[in-house]
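Enquirer: A structural model of the following input is requested.
(2 chains)
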Amino acid sequence: DTEVTQTPKHLVMGMTNKKSLKCEQHMGHRAMYWYKQKAKKPPELMFVYSYEKLSINESVPSRFSPECPNSSLLNLHLHALQPEDSALYLCASSQSSSTNEKLFFGSGTQLSVL
Amino acid sequence: GQSLEQPSEVTAVEGAIVQINCTYQTSGFYGLSWYQQHDGGAPTFLSYNALDGLEETGRFSSFLSRSDSYGYLLLQELQMKDSASYFCAAQTINTNAGKSTFGDGTTLTVKP
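Expert: Residues are numbered from 1 along each chain as shown, chains lettered A, B, ... in the order given. Modelled structure (predicted):
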């Protein structure tokens, strides 16, 4: 199994809503990542989890809250988002964060904030 | 900070060869990867260089010169399905963890 599975595929939420994005991999990878991608732009790193511990937070606003319940799962909790947060949110994994030359990406969650 | 530069657009015809360049300025650099992303899809890994030289994977090859902070992706025998965005990504590592930083991407259009 070389897949990273993300749910939901699409999400529309209001600025007062709370929602969560979910990501799962069963490749035994020990590093997992959240990236944000706007249309026609590159993926921008948000968070890195290494061995289930948050190791990098790229100065992401606190309205985004990551969680890694175990080595296979990664969540991104969303609260009080702004319309400018509308984007494709990509989860990725790699064998470890020190060998992140080959990232496996999920198909993403297309988020619209109204 | 990290910065990677690549051309914004490249156009070529089916069967041709195209080269997409990437120059980088990063601290803690240890390798350069290439990803392909079709419209509406996720990035998929194509190739990786940690050492100087050429890596060949089928129709795709990638090159790295660490002394010049430069790499390129070479696509041979272009097919219509190769029309996509191509990103170079620099791997860096600090005391916390490693990470990949992406260039702005090159949109490749393959014409019949």
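
Enquirer: what is the rounded mean pLDDT of stretch A:88-107?
Expert: For stretch A:88-107, the mean per-residue pLDDT is 91.

Enquirer: List the buried residues of that stretch.
Expert: If you call a residue buried by 16 or more other C-beta atoms under 10 Å in any protein chain shown, then stretch A:88-107 has these buried ones: A:88-94, A:97, A:99-107. Quick note: C-beta positions are derived from backbone N, CA and C, even for glycine.

Enquirer: Chain A contacts on chain B?
Expert: Contact residues (C-beta under 8 Å from any C-beta of the partner chain) of chain B with chain A: B:31, B:33, B:35, B:41-45, B:48, B:50, B:87, B:89, B:91, B:93, B:96-105.

Enquirer: List only those of those flagged as buried.
Expert: Among these, those buried by neighbour count (16+ other C-beta under 10 Å) are B:31, B:33, B:35, B:42-43, B:45, B:48, B:87, B:89, B:91, B:93, B:97-105.

Enquirer: Restricted to helices, list those residues.
Expert: Members of these lying in helices (criterion: DSSP state H): none.

Enquirer: In strands, which of these appear?
Expert: Of those, the ones assigned to strands by DSSP state E are B:31, B:33, B:35, B:45, B:48, B:87, B:89, B:91, B:93, B:98-102.

Enquirer: Can you lay out these as JSON lines showing pLDDT?
Expert: Formatted as JSON lines, those follow (pLDDT from 0 to 100):
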{"residue": "B:31", "pLDDT": "94"}
{"residue": "B:33", "pLDDT": "96"}
{"residue": "B:35", "pLDDT": "97"}
{"residue": "B:45", "pLDDT": "95"}
{"residue": "B:48", "pLDDT": "95"}
{"residue": "B:87", "pLDDT": "98"}
{"residue": "B:89", "pLDDT": "97"}
{"residue": "B:91", "pLDDT": "92"}
{"residue": "B:93", "pLDDT": "82"}
{"residue": "B:98", "pLDDT": "83"}
{"residue": "B:99", "pLDDT": "88"}
{"residue": "B:100", "pLDDT": "91"}
{"residue": "B:101", "pLDDT": "92"}
{"residue": "B:102", "pLDDT": "96"}
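
Enquirer: who's in contact with residue A:6?
Expert: Contact partners of residue A:6, counting by C-beta atoms under 8 Å, 6 or more residues apart in numbering or on different chains, are A:21-24, A:89-91, A:106-109.

Enquirer: Could you rerun that using 7 Å?
Expert: Residue A:6 makes contacts with A:21-23, A:91, A:106-109, as judged by C-beta atoms under 7 Å, 6 or more residues apart in numbering or on different chains.

Enquirer: so can I have JSON lines of these showing secondary structure and distance to residue B:73?
Expert: Listed next are those as JSON lines, based on DSSP: H, G, I helix; E, B strand; the rest coil; distance: C-beta to C-beta, whole Å:
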{"residue": "A:21", "secondary structure": "strand", "distance to residue B:73": "31"}
{"residue": "A:22", "secondary structure": "strand", "distance to residue B:73": "33"}
{"residue": "A:23", "secondary structure": "strand", "distance to residue B:73": "28"}
{"residue": "A:91", "secondary structure": "strand", "distance to residue B:73": "24"}
{"residue": "A:106", "secondary structure": "coil", "distance to residue B:73": "23"}
{"residue": "A:107", "secondary structure": "coil", "distance to residue B:73": "23"}
{"residue": "A:108", "secondary structure": "coil", "distance to residue B:73": "23"}
{"residue": "A:109", "secondary structure": "strand", "distance to residue B:73": "28"}
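
Enquirer: overlap between these and the residues near chain B?
Expert: Contacts with chain B within the contacts of residue A:6, counted by C-beta under 7 Å from any C-beta of the partner chain: A:106-108.
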